[in-house]
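Novice: let's see this in three dimensions:
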Amino acid sequence: MDSNDSGRTARSPSLSRRQSLKKIAVLGAATSTPLLAGCTGNGGNGSGNGGNGGNGGSDGTESGSQDGSSGGSNEELDITLASTYEEGHINVQAAKMFRDRIEDESDGAITVEVASGGSYGSEAEITDLASQNVVGMHSGAGVPFSMYAPEYYIIDMPFVMEDADHLFEVVESEKFAPAYDLLIEEGNQRQLGGRFYRGQRYFTANESVSHPDDVQGMQFRSPPLEPWVQIWSEIGVEPTSVALDELFSALQQGVVDAAEGDIEQIHSFNYPEVQDYLSATRHAPFSGAMYMNESLYQSLSESHQTLVNEVAAEVAEEANEMGMQREQELIDDLVDQGMTLVEDVDRQAFRDRARPAVNALFEDRWAGTWEEWRNV
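Specialist: Next comes the predicted model:
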């Protein structure tokens, strides 16, 4: 994987360097090779569905609607950047920052349409569309790894990472590098820039939870992923399948006693109305990133590749800070709404209780061992 594609701590290049890139990008637009779907050409001899650069449908049935023709020599690049998340979410904010900067730095040679709110479907559906280049880019979480590098899909799992710092050490390590290669080889897409902080996941209930003994036998809504169910069952809860959009009523009616989620989810789903306690189990630090279809990336001129890599790295670094700030603001608001924040959580006790299930998952489906990843 290109070294420009990683780097959470990337720094902004000098002004003169960026000004040079702007000039190079404009020149590169005249010589870059024709793009496939997910990126349209505004100039030249567009034909069929590609000439107008329309948007593909959310179910992927209009996959031909973004096919660009070879166009003229002054063809501009128009990329669709999709996200399943709503306006205001850190992934959408990052997408818009990328759009604004890449358009500015290329003097309009590259334009980006941000399609948020799930207009192209779920994160898994968008990831699949990106592999086909129906959308040229997307902004999401770790779903591409679950689909194309499942043996490395440890980054969104509970009680595997020690904390957010450990997560970033893992995703920036040489040991994790094969995961990025698999995204390209199996998923025809690559991560642009580094990953950015989206928030820790917390435990919510109507009683204070600070130790695994406090959750024994609780009817608990877990994400419908086998590793999550396996790990939480080991801890002692009774995982229950509830669709996320039905969770509020399930908590309200007592179908489940407790749930978990990142602060954005807990806040947007109005948990304070049905849950009294917010326990800082911080069992899974989540991260986000932007991805680009590999065929599209390879069709870009070298100057455009350099530009998108540098802009994506800068945006990821800033989104990282924004994610941390946003999380604290939402926690404060949840407390203002009446939730009691339980900070004194024995996280080591939770990790110890989860250890047999986590070790079994490493033996059966994940690369390496827990100890190896903990010592990255």
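Novice: quick check: mean pLDDT of stretch 354-366?
Specialist: For stretch 354-366, mean pLDDT rounds to 98.
Novice: give the buried residues for that stretch.
Specialist: Neighbour counts over stretch 354-366 (16 or more other C-beta atoms under 10 Å) mark 354, 357, 358, 361, 362, 366 as buried. For glycine as for every other residue, the C-beta is placed from the backbone atoms N, C-alpha and C.
Novice: phi first, then psi, for the fourth one.
Specialist: Here the main-chain torsion angles of residue 361 (degrees, to the nearest 10) amount to phi -70, psi -40.
Novice: skip the chain neighbours and tell me the closest residue to it.
Specialist: Nearest residue to residue 361 in three dimensions, chain neighbours excluded: residue 227, at 5.4 Å (C-beta to C-beta, 6 or more residues apart in numbering).
Novice: which ones are touching that neighbour?
Specialist: Contacts for residue 227 (C-beta atoms under 8 Å, 6 or more residues apart in numbering) come out as 157, 361, 365.
Novice: try 10 Å
Specialist: By C-beta atoms under 10 Å, 6 or more residues apart in numbering, the contact list for residue 227 reads 146, 153-154, 156-158, 160, 357-358, 360-361, 364-366.
Novice: what about stretch 286-299, distance to the chain center?
Specialist: For stretch 286-299, the separation from the chain centroid amounts to 11 Å (computed by C-alpha atoms, centre = their mean, to the nearest Å).
Novice: convert the C-alpha atoms of that stretch to CSV, please.
Specialist: Taking C-alpha atoms only, stretch 286-299 is exported to CSV below (Å, rounded to 0.1, in the frame of the first residue of the first chain):
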residue,chain,number,x,y,z
PHE,A,286,-14.7,3.2,16.7
SER,A,287,-12.9,4.9,13.8
GLY,A,288,-13.9,6.2,10.4
ALA,A,289,-12.2,6.7,7.1
MET,A,290,-12.7,7.6,3.5
TYR,A,291,-12.3,5.1,0.7
MET,A,292,-11.9,5.3,-3.1
ASN,A,293,-12.6,2.8,-5.8
GLU,A,294,-9.2,1.4,-6.8
SER,A,295,-9.9,1.5,-10.6
LEU,A,296,-10.9,5.1,-10.2
TYR,A,297,-7.7,5.8,-8.2
GLN,A,298,-5.5,4.2,-10.7
SER,A,299,-7.1,6.2,-13.5
